[in-house]
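Novice: Quick one, what's the 3D model for this:
(chains A and B)
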Amino acid sequence: MRFMTFVTSAHSASPTPELIEAMHKLRDREIKAGRMLDDGGLTPLAAGAQVRIAKGELSVIDGPFVEAKEVVGGYAIFDLRNKEEAVALAVEFMQLHKDFMPDWEGTCEVRAFAGP
Amino acid sequence: MTVADAHRAILAVWRIEQPRLITRLARMLRDAPLAEELTQEALLAALERWPDSGVPTAPGAWLMATARRRALDHLRRRRMLQRKHAMVAQDMEAEQQTMPDLDSALDDDIGDELLRLIFTACHPRLPRQARAALALRMICGLTTKEIAKAFLLPEATIAQRIARAKRTLAESGLAYETPRGKALAERLSSVLEVVYLIFNEGYAATRGEDWLRPQLCSEALRMGRVLTAVAPHEPEAHGLLALMELNASRAAARTDAEGELVLLADQNRALWDQLQIRRGLQALGRARQLGGARGSYALQAAIVACHAQAKTAADTDWPGIAGLYAELAAVVHSPVVALNRAVAVGMADGPDVGLAMVEELMGEPALKAYHLLPSVRGDLLQKLGRYNEARAEFEAAAALTGNHREQNLLRRRAAQAAEAATPP
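Specialist: Predicted coordinates:
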């Protein structure tokens, strides 16, 4: 089964060097274990844009984005046996944040790919 | 949470830690099969404790401590027998004193040790089926029950295979060794063969109701990815991975809603998995970079890559595929390869040319019971308008295959040929 995990957070501070290092090691282990197929980190929303439909109007919002909303910071795609494995990996990933960036808050969403 | 849910969650955590557990223990005990047993014991301990205590914050450290304690017991028992082990045990006790830090788990580079385990599980001295079962257990962390289910065999049969294989390894002093030099190439090919065997049993099941057993494909793919990570300079490891990724990319399109087989030409190419195709092409590129373009797996992957890159069946580069098969036939002297080559030549140069090549294979003893020989012959005869002969070939093919879904397909084709043979 294929899963995508992505992290959302309202935190704008960049991860600490310790957290980055720990995440790299976890990533390395997951690639070597044949479980991680792809991943990527995303730059802040300020460097991106939103194309939105609201009240029947389509608009392009190119910033500035003032509201401290939860934004997606990165994603990973895994090939796993079941949801339990995906959750276990997400727990491990989030524990790293807890250990190496104690004031950080956010959510790691675990989603299975649709399809056969 | 039900008990079954809790068990699945614990099994998931254990599986993530299993490679590190088994490699560490193997290094301590100098015995890979024993290490594997102790990691299973650690799992049992977790299944016993965690439902009440909850999953610990650092489950890896807990499992490692538990498994180490058992390893230590083992070594203590053997201490009087062998001084060497006593010394290892002392080292371990010293190691046991230091509390594991949180990140030590991620600091371990287990690559070399994992490669040694893979070589041990796939030792050419073991029967092929035993190698497959042992690899699924030691490398993928599957339980005997799961392996039995995947191969549609009784659990006792698999348990026996594994036990016998472990005994063979122990008795021949092969429980912990690393091949070097010339032996390495031979051993690597044994590993690749086992991984491909597991993949194929999932990709085109020789027995049973279903055509695909996706779990076996996934396990083989994961093993292939592990191999390219721990043996990154071996071109054929990348070639095999490319072949498996590219073949697996078509999995969703290979059966219809009823589970019946769909032939390549009729598949909905929108269902092909583009991420997997990309990964496959990448691995093939890596194999070529390493100078392995003419390796047998890389050549087969190159053939599948031609299909993967064709937007429609009509766009398929059949002359290119026929050329690759000619190269492959020069490397691998196999009648099966020759048969596949005939199919490609039939598409590139016309069914009569392909049929002539198939006729040459008719007396081949290795193909005597191979259902794809009459199946290919039937297809070529059908294209040449020789419907009665085609029908007989499809019927013969259906009688030879043990897979239910494949039988259905071949019978459908026989019926189509019969219909075409009858003038309206």
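
Novice: Where does the prediction get shaky in the chain?
Specialist: Looking at chain A here, since you left the chain open. For chain A, the stretches flagged by pLDDT under 70 are A:67-68, A:116.

Novice: Oops, wrong one, chain B.
Specialist: Low-confidence regions of chain B, defined here as pLDDT under 70, cover residues B:1, B:79-109, B:205-212, B:424.

Novice: what does it put close to chain A?
Specialist: For chain B, the residues in contact with chain A (Cβ under 8 Å from any Cβ of the partner chain) are B:8-9, B:11-13, B:15-16, B:19, B:57-58, B:102-103, B:106-107, B:111, B:114, B:215, B:218, B:221-226, B:229-230, B:252, B:271, B:275, B:279. Backbone N, C-alpha and C define where each C-beta goes, glycine included.

Novice: for the chain, what's the longest helix?
Specialist: I'll assume chain A. Of all the segments assigned as helix in chain A under DSSP state H, the longest by residue count is helix A:83-100.

Novice: Hmm, no, I was thinking of chain B.
Specialist: With DSSP H setting the assignment, residue counts place helix B:3-29 as the longest helix in chain B.

Novice: who's in contact with the residue of the stretch 201-350 of chain B found nearest chain A?
Specialist: With Cβ to the nearest Cβ as the measure, the residue in the stretch 201-350 of chain B that lies nearest chain A is B:Arg225; the distance is 3.2 Å. With contacts taken as Cβ atoms under 8 Å, 6 or more residues apart in numbering or on different chains, B:Arg225 has the following neighbours: A:31, A:33-34, B:241.

Novice: From A:Ser12, how far off is it?
Specialist: In this view, B:Arg225 and A:Ser12 are 35 Å apart by Cβ to Cβ, to the nearest Å.

Novice: Not counting its neighbours along the chain, what's nearest the residue in chain A positioned nearest to chain B?
Specialist: In chain A, the residue found nearest to chain B is A:Gly34; the distance is 3.2 Å by Cβ to the nearest Cβ. Of all residues not flanking A:Gly34 in the chain, B:Arg225 sits nearest, at 3.2 Å (Cβ to Cβ, 6 or more residues apart in numbering or on different chains).

Novice: so that neighbour is in which element?
Specialist: helix B:214-230 (DSSP states H and E).

Novice: right, and the helix or strand after that helix?
Specialist: As the chain continues past helix B:214-230, the following element, by DSSP H and E, is helix B:235-248.

Novice: now the helix or strand following that next one: how far from the chain's centre is it?
Specialist: Beyond helix B:235-248 on the C-terminal side, the first helix or strand identified by DSSP H and E is helix B:274-289. Here the centre of helix B:274-289 is set off from its chain's centre by 18 Å, with Cα atoms, centre = their mean, to the nearest Å.

Novice: need the next SSE after helix B:274-289, C-terminal direction.
Specialist: The helix or strand immediately downstream of helix B:274-289 is helix B:296-308, counting by DSSP H and E.

Novice: Can I get that next one in CSV, CA atoms only?
Specialist: The C-alpha atoms that make up helix B:296-308 are tabulated as CSV, following Å, rounded to 0.1, in the frame of the first residue of the first chain:
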residue,chain,number,x,y,z
SER,B,296,20.6,-10.0,-18.0
TYR,B,297,18.3,-8.1,-15.6
ALA,B,298,19.2,-4.8,-17.1
LEU,B,299,18.4,-6.1,-20.6
GLN,B,300,15.1,-7.4,-19.5
ALA,B,301,14.4,-4.1,-17.7
ALA,B,302,15.3,-2.3,-21.0
ILE,B,303,12.7,-4.4,-22.8
VAL,B,304,10.0,-3.6,-20.2
ALA,B,305,11.1,0.1,-20.4
CYS,B,306,10.2,0.1,-24.1
HIS,B,307,6.6,-0.9,-23.2
ALA,B,308,6.5,1.5,-20.3
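
Novice: Now do it against helix B:235-248, angle only.
Specialist: Counting by axes from the mean of the first three to the mean of the last three Cα atoms, to 10 degrees, helix B:296-308 points 30 degrees away from the direction of helix B:235-248.

Novice: Now whichever helix or strand comes after helix B:296-308: buried residues?
Specialist: Read in the C-terminal direction, the helix or strand following helix B:296-308 is helix B:318-331, with elements assigned using DSSP H and E. Applying a neighbour-count criterion of 16 or more other Cβ atoms under 10 Å in any protein chain shown, one finds B:318, B:321-325, B:327-329 buried in helix B:318-331.

Novice: And for stretch B:408-415?
Specialist: The neighbour-count check on stretch B:408-415 (16+ other Cβ under 10 Å) flags B:408-410, B:413-414 as buried.

Novice: who touches B:Asp34 in this structure?
Specialist: Actually, residue B:34 is Leu. It isn't Asp. B:25, B:74, B:175.

Novice: Please tabulate the residues you listed in CSV, including the columns distance to A:Lys69 and neighbour count.
Specialist: Rendered in CSV, the data for those read as follows (distance: Cβ to Cβ, whole Å; neighbours: other Cβ atoms under 10 Å in any protein chain shown):
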residue, distance to A:Lys69, neighbour count
B:Leu25, 47, 25
B:His74, 55, 20
B:Ala175, 57, 20
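
Novice: Let me know the closest of those residues to chain A.
Specialist: B:Leu25 (17.3 Å).

Novice: Next, the contact list for the closest one, please.
Specialist: By Cβ under 8 Å, 6+ apart, the contact set of B:Leu25 is B:34-35, B:38-39, B:67-68, B:71.

Novice: Turn those residues into JSON lines, including distance to A:Glu109 and secondary structure.
Specialist: Below are the contacts of B:Leu25 laid out as JSON lines (distance: Cβ to Cβ, whole Å; DSSP: H, G, I helix; E, B strand; the rest coil):
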{"residue": "B:Leu34", "distance to A:Glu109": "41", "secondary structure": "helix"}
{"residue": "B:Ala35", "distance to A:Glu109": "36", "secondary structure": "helix"}
{"residue": "B:Leu38", "distance to A:Glu109": "36", "secondary structure": "helix"}
{"residue": "B:Thr39", "distance to A:Glu109": "31", "secondary structure": "helix"}
{"residue": "B:Ala67", "distance to A:Glu109": "33", "secondary structure": "helix"}
{"residue": "B:Arg68", "distance to A:Glu109": "35", "secondary structure": "helix"}
{"residue": "B:Ala71", "distance to A:Glu109": "39", "secondary structure": "helix"}
